[in-house]
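1. what's the 3D shape of this:
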Amino acid sequence: MNGASTSLTEQFSHLKDPRVDRTKRHKLTDVIAIAICAVICGANGWTDVELFGKSKRDWLEAFLELPNGIPSHDTFGRVFAMLDAEEFERCFMNWVSAVSELAEGEVVAIDGKTLRRSWDRGVGKSALHLVSAWASANRLVLGQQKVEGHSNEITAIPELLRSLDVSGCVVTIDAMGCQKKVAQAIVEQEADYALALKGNQRELHEDVKDTFEQWDGSAGDFYEKVEKSHGRETRRCWSVTDRECIEYLDDKGEWQGLSGVVMVESERVIEGVASSRRRYYISSLSADAKTLLEASRSHWGIENSMHWVLDMGFREDESRARKGNSAENLSILRRMAMNLLRWDKSVKVGIEAKRKRAGWDEKYLLKILTQ
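-> Residues are numbered from 1 along each chain as shown. Got it, this is the predicted structure:
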């Protein structure tokens, strides 16, 4: 990821400073740069960011102007509360796009996450809910979109998709995003989709289940994979691409690009106890069952490799940043830090350990910033 730091500096240099001139004691680029470095090194709030800045002032002065020293935690909090979150998000997504490239057929998983302690009862502010896009193979966050609650993911997902370049990719979304407008937005972005079916599309869900109960094995494919980890898991995938079947399921042609339906079965045996689960999908792919099984499996990377890491490695659910846009902007800083730390392959440790090392070892921090 050569040039990551240069591109980062360039992208955020265009941000509009929300402060009035008489309060600009610290350069906006210095404030943002210190915050990014601090979050990489373990800071989880504005007091931590100030402490990092004061502890590393000599090191920071080699790269930043710092005309009035290190800002206070109140200054960091006030600036990020005022900073336009949509503009900050666009800078983040432009940076990711500039320093990374998605491969043909890469799975881009989209899912929502609530920052549980970002609500503020005193001013009637609900907890921040974000829809994020995750590149499964590259293991990086591509972007996020703020929503007011789970029900509004339906409108937020197309907005997020329109801001990303996912052409040639396979977009996977859980049942909440299985909507005609979402499918249309994905196809318009020249991508394919695999959308999970549940009760929110009850009639289509039942019709797809019936399809597999009656399927004779023609015009389709089957693939099975057995894995052994903490037990034994067998995953099976059936795909049906029969044109007559698809036309029956979508007789009005309302699901743009619909080419197949999919059933995935997971069977686990742990300490002699067996359990099984079946899931159903609609897809624009006329692909083999192996590809579809891998796509459905890759989707869960957004939970295991992104949401879990944000909560455990960055303590996101414990964050009490609430004022103005501070919760959303701090979430962007975490995702920047996570991407930068993920790109480093020199040490085989988790994100939390990498954050500690970056805080202890200035050479390693510089490597993270200039890789």
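
2. quick one: low-confidence ranges for the stretch 1-150 of the chain?
-> Scanning the stretch 1-150 of the chain for pLDDT under 70 picks out the ranges 1-7, 119-125, 149-150.

3. helix, strand or coil for the residue in the chain sticking out farthest from the centre?
-> Ranked by distance from the centre of the chain (C-alpha atoms, centre = their mean), the top residue is Asp216, with 38.6 Å. Reduced to three states with DSSP: H, G, I helix; E, B strand; the rest coil, the structure at Asp216 is coil.

4. next one, pLDDT for it please.
-> You'll see Asp216 listed with a pLDDT of 75.

5. list the residues that contact Gln179.
-> 154, 157 (C-beta atoms under 8 Å, 6 or more residues apart in numbering). (Each C-beta comes from the backbone N, C-alpha and C, glycine too.)

6. for Leu333, which residues are in contact?
-> 35-36, 39.

7. how about a cut-off of 10 Å?
-> For Leu333, the contact set (C-beta atoms under 10 Å, 6 or more residues apart in numbering) comprises 32, 35-36, 38-40, 43, 49, 80, 88, 92, 314.

8. also Leu64?
-> The contact partners of Leu64, taken as C-beta under 10 Å, 6+ apart, are 26-27, 29-31, 33-34, 37, 53, 57, 70.

9. 6 Å - rerun?
-> Neighbouring residues of Leu64 by C-beta atoms under 6 Å, 6 or more residues apart in numbering: 30, 33.

10. tell me how far it lies from Leu115.
-> 29 Å (C-beta to C-beta, to the nearest Å).

11. returning to what we had before: restricted to helices, list the contacts of Leu333.
-> 32, 35-36, 38-40, 49, 80, 88, 92 (DSSP state H).

12. so among these, which ones count as buried?
-> With neighbours counted by 16 or more other C-beta atoms under 10 Å, those contain buried members at 32, 35-36, 38-40, 49, 80, 88, 92.

13. let's have these in TSV, adding distance to Asp250.
-> Output for those, formatted as TSV (distance: C-beta to C-beta, whole Å):
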residue	distance to Asp250
Ile32	47
Ala35	48
Ile36	46
Ala38	51
Val39	46
Ile40	47
Val49	51
Phe80	46
Phe88	40
Phe92	37
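
14. in the stretch 151-300 of the chain, where is pLDDT below threshold?
-> If you take pLDDT under 70 as the line, the stretch 151-300 of the chain has these spans: 151, 229-230.

15. ranges for the strands of the stretch 251-371 of the chain?
-> Assigned by DSSP state E, counting those that start in this stretch, the stretch 251-371 of the chain shows strands spanning 260-270, 273-283.

16. okay, the angle between the first one and strand 273-283?
-> Our comparison of strand 260-270 with strand 273-283, counting by axes from the mean of the first three to the mean of the last three C-alpha atoms, to 10 degrees, yields an angle of 160 degrees.

17. picking that back up, Arg355: which of the strands of the stretch 251-371 of the chain is closest?
-> strand 260-270 (32.8 Å; C-beta to C-beta).

18. sheet partners, orientation included, of that closest one?
-> With DSSP bridges as the test, strand 260-270 is paired with strand 232-240 (antiparallel), strand 273-283 (antiparallel).

19. got the contact list for stretch 258-268?
-> 208, 211-212, 231, 233-241, 246, 250, 275-284, 286, 292, 296.

20. among those, name the buried ones.
-> Buried, going by 16+ other C-beta under 10 Å: 208, 211-212, 233, 235-241, 246, 250, 279-284, 292, 296, out of the contacts of stretch 258-268.

21. does Gln189 touch Val166 like I think?
-> Yes: counting by C-beta atoms under 6 Å, Val166 is a contact partner of Gln189 at 5.3 Å.

22. okay, now the closest residue to Lys180 other than its chain neighbours: neighbour count?
-> Leaving out its chain neighbours, the residue that sits closest to Lys180 by C-beta to C-beta, 6 or more residues apart in numbering is Glu254, at 5.3 Å. For Glu254, the neighbour count with other C-beta atoms under 10 Å is 10.

23. can you get me a residue count around Ile351?
-> Based on other C-beta under 10 Å, the number of other residues close to Ile351 is 17.

24. for Ile40, see how far away it is.
-> In this view, Ile351 and Ile40 are 10 Å apart by C-beta to C-beta.

25. what does Lys56 give?
-> 11 Å.

26. any idea how far Val273 is from the residue nearest to Lys180?
-> Using C-beta to C-beta, one gets 42 Å for the distance from Glu254 to Val273.
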